[in-house]
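Q: requesting a structural model of the entry that follows:
(one chain, ligands or ions: 1)
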Amino acid sequence: MSVVVDKRKCPQNHKCPAIKVCPVGALTQEGIGLPQVDDQKCIDCYKCVEFCPMGALQQSEKNEGNRK
Ligand code: SF4
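A: Next comes the predicted model:
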């Protein structure tokens, strides 16, 4: 997994705006719940990580230091 969603930071009370910045449609959300990352689709661009105003989308620790 390259991106994780921190449920302590995501308020889960709105449509996730980061879904729109993902170039490959890897982010999905049911209603206003916690967004999900599709690891098969994610290309590790971290646009969502930079975009999320709550800092809820985070680079997973596995890839720390590996950032392009
Ligand atoms: S890192 Fe890039 S490809 Fe992966 S979910 Fe975030 S915006 Fe989409």
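Q: can you pull up the most central residue in the protein?
A: Against the mean C-alpha coordinate of the chain, by C-alpha atoms, centre = their mean, the closest residue is Leu57 at 4.1 Å.
Q: tell me the residues of the chain that contact the ligand?
A: Taking C-beta under 6 Å from any ligand atom, the part of the chain that reaches the ligand is made up of 3, 21-22, 24, 26-27, 37, 42-48. C-beta: built from backbone N, CA, C; applies to glycine.
Q: most widely separated two among those residues?
A: Maximum pairwise distance in the residues of the chain next to the ligand, criterion C-beta to C-beta, is 14.0 Å, between Val21 and Asp44.
Q: low pLDDT regions in the chain?
A: 1, 62-68 (pLDDT under 70).
Q: would you map the strands across it?
A: Applying DSSP state E to the chain gives strands spanning 3-5, 27-28, 36-37, 57-59.
Q: of those, which is nearest Lys15?
A: Proximity to Lys15 (C-beta to C-beta) singles out strand 27-28 among the strands of the chain, at 11.3 Å.
Q: give me the contacts around the closest one.
A: Strand 27-28 is contacted from outside by Cys16, Ala18, Ile19, Pro35, Gln36, Val37, Asp38, Cys48, using C-beta atoms under 8 Å, 6 or more residues apart in numbering.
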